[in-house]
Structures are given as C-alpha cells and as structure tokens.
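Q: how would this look folded up:
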Amino acid sequence: MVRLSVNINKIATLRNARGGTLPDPVEAALRLQSWGAEGITVHPRPDERHIRYADVRALRPQLRCEFNIEGYPSEEFIALCRETRPDQITLVPDPPGVLTSNAGWNAVEREAELTEVIAQLRDTGARISLFLDPDRTQVEAASRSGTDRIELYTEAFAVEFALDPERAVRPFIDAAHTAQNLGLGVNAGHDLNLDNLAFFARRVPGLLEVSIGHALISDALYYGLENTLRMYRRRLDDAQHPDPRA
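A: Numbering: from 1, shown residues only. Just a heads-up that it's a prediction; the model follows:
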C-alpha cells in the first residue's frame with residue numbers, strides 16, 4: 001500500500017497570516033490522523049513562516065502515525081530532529097530564503113556532505129530520505145551516501161502530465177527502478193494532486209509513500225478536510241486495485 005503523508009505547512013501559513021492560534025496545525029494533524037492519514041509531514045524553515053519549531057515539538061508526543069520532518073540540514077534542524085526523534089527525516093537542499101522546494105539534491109557533487117549528515121542523524125533512529133530529481137546518476141550517488149530512501153521531486157511530472165502523461169512519468173519509472181535495484185525505498189512528492197496521483201502511483205514501481213500538502217489543503221477549501229483526505233486515499237487505492245471492469 002502506498003502511504004499518504006499529509007504536509008500541514010499550509011495550515012500553519014493560514015494561522016500565521018492572522019496571528020493567534022487558528023487554525024491550529026496540531027489539531028488538524030490529529031484530525032487527519034483519526035481520519036486515516038498514514039503520516040504527517042512538516043517542513044520547518046529558519047524564518048518559521050509556516051510550521052514553527054514549537055509546532056514540531058507539540059506534534060511529536062501526540063502523533064501515532066508516521067511523523068516526517070523535512071528540511072535543510074542546518075545545525076538547528078539536526079538538533080530539532082535529535083530532540084523530537086521523528087520516524088522519517090527527509091533532507092532537502094533548500095537555501096533559507098527559498099519560497100518552496102524547487103530542486104532535488106545534487107548528490108553527485110555533495111555526496112561527501114550528505115554522507116556526513118546522514119551519519120550524524122543515525123542516532124535519532126529515524127529513516128533517512130533524500131529529495132532527488134529523477135536522474136539515475138543522482139540516485140546512484142544517493143545510495144552511496146547511506147540514505148534509506150529517496151523522495152522523487154515530482155514537479156516536472158505534474159507540469160508535463162497534461163501534455164503527455166507517459167512521457168512525463170518515464171524518468172520517474174527509470175529512477176524508481178534504479179533505486180529498487182540499489183536497495184533504496186521510493187517516496188515522492190510536490191504538485192501531486194487529484195488529477196495526476198492515481199496515474200503516477202500506478203506507473204511508478206515500488207512506490208512506498210507520497211507526501212502531499214499544497215494541493216490537498218487547497219482542495220479542502222472546496223470539499224472539506226476529511227472528505228478531501230478520503231478522496232486522495234481513494235486515488236491511491238484505485239491505483240493499486242484498479243476496477244477490472246474499467
């Protein structure tokens with residue numbers, strides 16, 4: 001089963017726009033958990049413009065589902081991970097001021113750095129994942145760094161999906177095959193949505209987890225949060241158990 005981890009950054013963004021405590025990202029995470037989310041993802045950034053370090057600390061003791069913390073491996077981020085001991089740590093190459101994740105690691109050029117960081121994080125007990133573009137050479141370098149999984153950066157797929165779905169997904173199929181052959185687990189995320197999720201999950205081999213935030217929270221404005229979660233979950237279920245009558 002492909003697991004659905006919901007990124008709740010946008011809920012915190014809405015709270016921070018007004019100040020105060022509403023909407024409460026911790027309460028949202030607990031409700032998502034109760035409705036069947038298999039994971040909760042957060043991506044704290046140094047300026048705390050959405051998820052705050054205090055949110056991460058508040059979430060950790062209350063979550064029973066998988067807790068995934070994304071972030072650039074600064075000293076502060078590593079210390080937070082050691083303190084909160086998430087189930088998964090996803091390392092992303094975002095510099096401090098970037099608006100949103102816009103590229104995977106250059107694991108070839110930064111292999112030594114990533115190897116050192118991953119070794120530092122081993123004492124958290126967390127699974128480690130690296131955010132990567134769908135490139136065989138990068139996947140091979142990631143494998144040498146000691147990571148457990150990769151998270152395929154799917155914006156390019158989402159952009160091209162409307163034009164040519166098969167061409168759009170082909171690099172991701174190849175990258176997933178490479179990862180599997182090297183013993184790496186495969187996650188994916190960024191711009192996956194109700195239109196493209198089932199196709200992606202059906203075509204990419206060995207996919208273990210998707211992390212979805214912006215699209216899911218945006219859809220929830222129209223459909224409601226619980227209903228939207230179930231809609232995304234159904235897309236994944238349909239991808240793994242297609243209707244034989246179709």
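
Q: Please enumerate the strands of the chain.
A: 3-7, 39-42, 66-71, 88-91, 127-132, 149-153, 185-189, 207-212 (DSSP state E).

Q: do you know how far the nearest residue to Phe199 once chain neighbours are set aside is from Leu197?
A: Using CB to CB, 6 or more residues apart in numbering and skipping the chain neighbours, the partner closest in space to Phe199 is Pro165 (5.7 Å). (Glycine included, C-beta is placed from N, CA and C.) According to CB to CB, to the nearest Å, Pro165 stands 12 Å off from Leu197.

Q: Quick check on those two: which one has the bigger neighbour count.
A: Neighbour tally, Pro165 and Leu197, criterion other CB atoms under 10 Å: the higher count belongs to Leu197, 26 against 15.

Q: ok, back up a step: for the strands of the chain, which one sits closest to Ala119?
A: Among the strands of the chain, strand 127-132 comes nearest to Ala119, with 9.8 Å by CB to CB.

Q: Could you pull out the helices in the chain for me?
A: With DSSP state H as the criterion, the chain has helices at 9-18, 25-35, 53-59, 75-84, 111-121, 136-145, 155-161, 165-181, 197-203, 214-223, 225-240.

Q: And the second one, what's buried?
A: Buried residues in helix 25-35, defined by neighbour count with 16 or more other CB atoms under 10 Å: Pro25, Val26, Ala28, Ala29, Leu30, Leu32, Gln33.

Q: got these as CSV, with distance to Thr115 and pLDDT columns?
A: Converted to CSV, the buried residues of helix 25-35 look like this (distance: CB to CB, whole Å; pLDDT from 0 to 100):
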residue, distance to Thr115, pLDDT
Pro25, 33, 98
Val26, 34, 98
Ala28, 36, 98
Ala29, 32, 98
Leu30, 36, 98
Leu32, 34, 98
Gln33, 34, 98
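
Q: Kindly indicate which of the residues you listed lies nearest Arg234.
A: Using CB to CB, Leu32 comes nearest to Arg234 of those, at 15.4 Å.

Q: Quickly list what the nearest residue to the closest one once chain neighbours are set aside is bridged to.
A: Nearest non-adjacent residue to Leu32, counting by CB to CB, 6+ apart: Val6, 5.2 Å away. Taking DSSP bridges as the rule, Val6 bridges to Ile40, Ile212.

Q: Now do the same contact list for Val6.
A: When contacts are counted by CB atoms under 8 Å, 6 or more residues apart in numbering, Val6 touches Ala29, Leu32, Ala37, Gly39, Ile40, Thr41, Ser211, Ile212, Gly213, Leu216, Leu229.

Q: With Pro23 instead?
A: Counting by CB under 8 Å, 6+ apart, Pro23 makes contact with Ile11, Leu14, Arg15.

Q: quick one: which of those is nearest Leu225?
A: Ile11 (9.0 Å).

Q: So that closest one is in contact with Ala28, correct?
A: Yes: assessed by CB atoms under 8 Å, Ile11 is found in contact with Ala28 at 4.8 Å.

Q: hang on, the earlier thing: what about burial for the contacts of Pro23, which qualify?
A: By neighbour count, with 16+ other CB under 10 Å, the contacts of Pro23 hold Ile11, Arg15 as buried.

Q: Fine by me, thanks again.
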